[in-house]
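*Asks:* what follows is a protein structure lacking sequence information:
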């Protein structure tokens with residue numbers, strides 16, 4: 001992993017963050033099947049795709065600044081003073097914790113541990129403030145994000161159809177912080 005600095009975002013970082021390539025590439029999707037009659041629940045199984053799927057960001061990147069103003073935390077990862085990734089999260093609310101809504105690393109810097117570092121820093125930030133858990137949301141089609149959540153110890157905690165403005169369903173993963 002390159003030497004990176006993690007800190008809360010400054011106004012001067014925002015143009016860089018909005019300009020990131022927000023497209024994710026997935027080689028699998030998650031197929032949901034409902035439990036058999038008499039049982040309760042659903043199972044998600046990864047299904048390989050015949051070719052990589054480019055996923056547009058589920059939110060309009062041009063409206064992200066408005067969204068970030070309503071969040072309690074906006075972390076940025078920098079290399080040599082230049083932003084290369086960010087994490088936005090809402091604080092408190094019904095979950096009594098930190099809700100990660102956006103986690104983006106610019107394309108040339110992906111798969112180098114930067115997203116993990118952002119999530120771990122966010123969990124430290126939340127623990128220091130007495131938050132009890134952290135939730136990470138992602139599109140059901142974003143296999144890299146699902147893999148990241150699972151590698152970091154998050155567990156599946158729910159889903160919602162049509163959650164994102166683009167109509168995508170969301171998967172939710174939670175991690176106790178206590």
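*Replies:* Ah, there it is. As the structure is a computational prediction, the values presented were derived from the model and not from experiment.

*Asks:* mean confidence (pLDDT) on stretch 48-67, please.
*Replies:* Stretch 48-67 shows a mean pLDDT of 81.

*Asks:* mind listing what's buried in that stretch?
*Replies:* Neighbour counts over stretch 48-67 (16 or more other C-beta atoms under 10 Å) mark 55, 57, 58, 59, 61, 64 as buried. (C-beta placed from N, C-alpha, C; glycine too.)

*Asks:* so how far is the longest strand along the chain from its chain's centroid?
*Replies:* With secondary structure taken from DSSP state E, the chain has its longest strand at strand 42-55. Chain-centre distance of strand 42-55: 18 Å, with C-alpha atoms, centre = their mean, to the nearest Å.

*Asks:* straight-line length of stretch 133-146, end to end?
*Replies:* For stretch 133-146, the separation between the terminal residues is 18 Å (C-alpha to C-alpha, to the nearest Å).

*Asks:* my bad, stretch 34-47
*Replies:* Distance between the two ends of stretch 34-47: 16 Å, counting by C-alpha to C-alpha.

*Asks:* how about residue 126: what's its closest non-neighbour residue?
*Replies:* With sequence-adjacent residues excluded and distances taken as C-beta to C-beta, 6 or more residues apart in numbering, residue 126 is closest to residue 98, at 4.1 Å.
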